[in-house]
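Visitor: Predicted coordinates and the sequence they were generated for:
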Amino acid sequence: MHLPLVLALRRSRRLDILLSALHLLAILALLPLALPGAARAALAALVLASLVSTLAALRRQAGAVLQLGRRGALEFTPRVGVCGTVLLDAHTLLLPGLIVLVLRQEERRIVLPLLADSVGGEEFRRLRLWLRTRGGGALSSAA
């Protein structure tokens, strides 16, 4: 693999659709509950607020840059903010179509859910390969 590998993170349309569908399912699950209408409406409003908050957080991640270095170095540059070296957390999760990248920067934890359309198919494959070789047995993996 040719390193350094620079990944420009994009907004994932698939992730937006998946999260919206799950939030809609949560709202639909409120319908059969034996709750007063006002309580159901309040819970539905909370689920909608959660969706708006989640999509806004994902929108802020779009435009960030992740650079994978030769000796395991990892640089993260948010769209707004300061570039910095980050550490790969052992809670990073590799699934066949999803990477949940957990990074640590001093006392801060950065969680980046990535689907193939977040970075592009080939870059996604290369990131998975880098994580497997870099993480050793420390990463959670279902693949």
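Guide: That came through fine. As the structure is a computational prediction, the values presented were derived from the model and not from experiment.
Visitor: What residue spans form the domains of this protein?
Guide: With domains defined by automatic domain parsing, the chain comprises 5-11+62-141, 13-59.
Visitor: What about residue 49, how many residues nearby?
Guide: 11 (other CB atoms under 10 Å). Using the backbone N, CA and C atoms, a C-beta is placed for each residue, glycine as well.
Visitor: Just the residues contacting the lengthiest helix in the chain, thanks.
Guide: The single longest helix within the chain, with elements called by DSSP state H, is helix 37-61. Applying CB atoms under 8 Å, 6 or more residues apart in numbering, the contact partners of helix 37-61 are 9, 11-12, 15-16, 19-20, 23, 26-27, 30-31, 33, 35, 78-80, 112-113.
Visitor: now, which of the residues you listed lie within strands?
Guide: 112, 113 (DSSP state E).
Visitor: can you count the residues close to residue 76?
Guide: 20.
Visitor: likewise residue 105?
Guide: Using other CB under 10 Å, residue 105 has 14 other residues around it.
Visitor: Kindly report the same for residue 73.
Guide: 14.
Visitor: Not counting sequence-adjacent ones, nearest residue to it?
Guide: residue 85 (6.6 Å; CB to CB, 6 or more residues apart in numbering).
Visitor: who's in contact with the one you found?
Guide: 73, 74, 75, 105.
Visitor: Check residue 103 too.
Guide: The neighbourhood of residue 103, defined by CB under 8 Å, 6+ apart, consists of 74, 76, 86, 87, 88, 89, 109, 110, 111, 112.
Visitor: which ones among these are found in strands?
Guide: Among those, the members falling in strands (DSSP E) are 74, 76, 87, 88, 109, 110, 111, 112.
Visitor: Including pLDDT, could those residues go into JSON lines?
Guide: Converted to JSON lines, the ones in strands among the contacts of residue 103 look like this (pLDDT from 0 to 100):
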{"residue": "74", "pLDDT": "83"}
{"residue": "76", "pLDDT": "84"}
{"residue": "87", "pLDDT": "84"}
{"residue": "88", "pLDDT": "84"}
{"residue": "109", "pLDDT": "87"}
{"residue": "110", "pLDDT": "86"}
{"residue": "111", "pLDDT": "88"}
{"residue": "112", "pLDDT": "88"}
